[in-house]
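Engineer: Predicted structure and sequence below. I'll ask about it afterward.
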Amino acid sequence: MRPPEASPLLTDLYQLTMLQAYHLEGMEATAVFEFFVRRLPPSRNFLVAAGLEQVLDFLEGLAFTPEEIDALRGLGGFRDAFLRALEDLRFRGDVHALPEGTPFFPGEPVLRVTAPLPQAQLVETRLINLLHFQILVASKAARVVLAAPGKTLVDFGLRRAHGAEAGLLAARAGYLAGLSGTSTVLAGVRFGIPVFGTMAHSFVQAHESEAAAFEAFARAWPENAVLLIDTYDTEAAAHRVAALVPRLRASGVRVRGVRIDSGDLAAHAAAVRRILDAAGLDDVRIFASGNLDEAALARLLAAGAPIDGFGVGTRLDTSADAPSLDCAYKLQEYDGVPRRKRSEGKATLPGRKQVFRRFDDEGRPMEDVVGLEEEDLEGTPLLVPVMRAGRRLFPAPSLDEIRARTLEAMDRLPPALRSLD
């Protein structure tokens, strides 16, 4: 049995009720849908395109199994002729999209689907589901990266992510936006993301003494031990580490760092740094975690906290300050005629659109203009073809390539957009 996230039944019922109506009317002309974000959350200056690879995977694999068609029959209301038609339904359309890692703004199409109406309609729910979440997390992670340049930044959020897929895709989106890696093992295996791990308080508690726990863990991981030092008394534990490390080094065991997960992180880090430096352990790094986000990182670094890296978890994987985007996937053209929604507060611009990005003499983006696809406007067109007739046009870039592209694009943004304000 295939995973549930690949099933076309992972959708809203109204997609299928509309499909049956389209089937009865014979409405199969070409439709154009565009995904876009209507407005920025209050705390965002830009968003980061993400999730395209999962969208293309879903579209290439779109098909109903006999079991899924039987399940629809069991719901009642679906006609046999329509269910038979679903047996042959595949996505045969074209897709244009912003490359993953592209900064973008409200009202700009991020992805455009051009396909027979039933195909373009059916995929709406899953496409929004995939794009919305990764854009949300990638945009949050971008702010974390901007808040702590040059620091080791690790996604710690799996345990509080909203489900298994969310945890995996949050790790991917975070790395895409510039994080150093993740604690999620499966994300490392599946996506090639560097994985980071230390130890839990339970490991310390399970031993008769803190020193015994530290030594046991370091000997189990002689090349990469990071010791958690705030289970009981952070500064006392730092003194134990300072006494232990020289003896361990003499036997070939290296302690790379210590982690602080509670309390006044700036004050603890300063005290721990003094203790370690006094023992000649200036190469032992300090890593901090504990309900952190970009604002907390900015405050810690502004206060001069001697912290080398951060684990960012719950507030990243849930995008806690802005947990959703006002985004939509809307019909912009059908059967060659531009279409426009006029709903109050939700009106759309009709027709197939393109985003033209203009740059200054130093290559920094200065303005985006949204125009019709066929218009010859100044600037670099951002939407590029990625799928034709239901098949990818080129192999997927590596996640490291996307990450490098994201960091370069963020570095070129004007200072006002790179600010956390």
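Structural biologist: Good, I have the coordinates.

Engineer: Looks like residue 107 contacts residue 38 (just checking).
Structural biologist: Yes - in this structure, residue 107 sits in contact with residue 38. The criterion is Cβ atoms under 8 Å, and the distance is 7.2 Å. The way it works is simple: take the backbone N, C-alpha and C, and place the C-beta from them, glycine included.

Engineer: Return the backbone torsion pair for residue 355.
Structural biologist: Here is the backbone geometry of residue 355 (degrees, to the nearest 10): phi -110, psi 120.

Engineer: Run through the residues that contact the spatially closest residue to it that is not a sequence neighbour.
Structural biologist: Spatial nearest neighbour of residue 355, excluding adjacent residues (Cβ to Cβ, 6 or more residues apart in numbering): residue 382 at 4.3 Å. In this structure, residue 382 makes contact with 98, 102, 104, 108, 354-357, 368, judged by Cβ atoms under 8 Å, 6 or more residues apart in numbering.

Engineer: cool, and residue 49?
Structural biologist: The neighbourhood of residue 49, defined by Cβ under 8 Å, 6+ apart, consists of 97-104, 110, 135, 138.

Engineer: TSV for the residues you listed, including neighbour count, distance to residue 233 and secondary structure?
Structural biologist: As requested, the contacts of residue 49 are arranged in TSV below (neighbours: other Cβ atoms under 10 Å; distance: Cβ to Cβ, whole Å; DSSP: H, G, I helix; E, B strand; the rest coil):
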residue	neighbour count	distance to residue 233	secondary structure
97	24	53	strand
98	23	50	coil
99	16	50	coil
100	26	45	coil
101	26	44	coil
102	24	48	coil
103	23	45	strand
104	21	48	strand
110	25	50	coil
135	24	43	helix
138	29	38	helix
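
Engineer: just these now: which is nearest residue 45?
Structural biologist: Using Cβ to Cβ, residue 103 is the member of those that sits closest to residue 45, with 9.1 Å.

Engineer: what's the closest non-adjacent residue to the closest one?
Structural biologist: Distance criterion Cβ to Cβ, 6+ apart; nearest residue to residue 103, sequence neighbours excluded, is residue 46 at 4.5 Å.

Engineer: which residues does the one you found contact?
Structural biologist: Residues in contact with residue 46, defined by Cβ under 8 Å, 6+ apart, are 40, 103-105, 139, 142, 413, 417.

Engineer: what does residue 111 give?
Structural biologist: Neighbour list for residue 111: 34-35, 52, 55, 95-98, 127, 131 [criterion: Cβ under 8 Å, 6+ apart].

Engineer: if you set the cut-off to 6 Å instead, what comes out?
Structural biologist: Residues in contact with residue 111 (Cβ atoms under 6 Å, 6 or more residues apart in numbering) are 35, 97.

Engineer: Same check on residue 184?
Structural biologist: Neighbour list for residue 184: 158, 167, 171 [criterion: Cβ under 6 Å, 6+ apart].

Engineer: so the last one sits in a helix?
Structural biologist: What it means is residue 171. Yes - with DSSP: H, G, I helix; E, B strand; the rest coil as the criterion, residue 171 is part of a helix.

Engineer: Count the residues that sit near it.
Structural biologist: Other residues near residue 171 come to 33 when the count uses other Cβ atoms under 10 Å.

Engineer: And for the first one?
Structural biologist: Using other Cβ under 10 Å, residue 158 is surrounded by 20 other residues.

Engineer: Show me the residue at the heart of the protein, geometrically.
Structural biologist: Closest to where the C-alpha atoms of the chain average out (Cα atoms, centre = their mean) is residue 173, at 2.2 Å.

Engineer: any idea how far that one is from residue 300?
Structural biologist: With the distance defined as Cβ to Cβ, to the nearest Å, residue 173 ends up 23 Å from residue 300.
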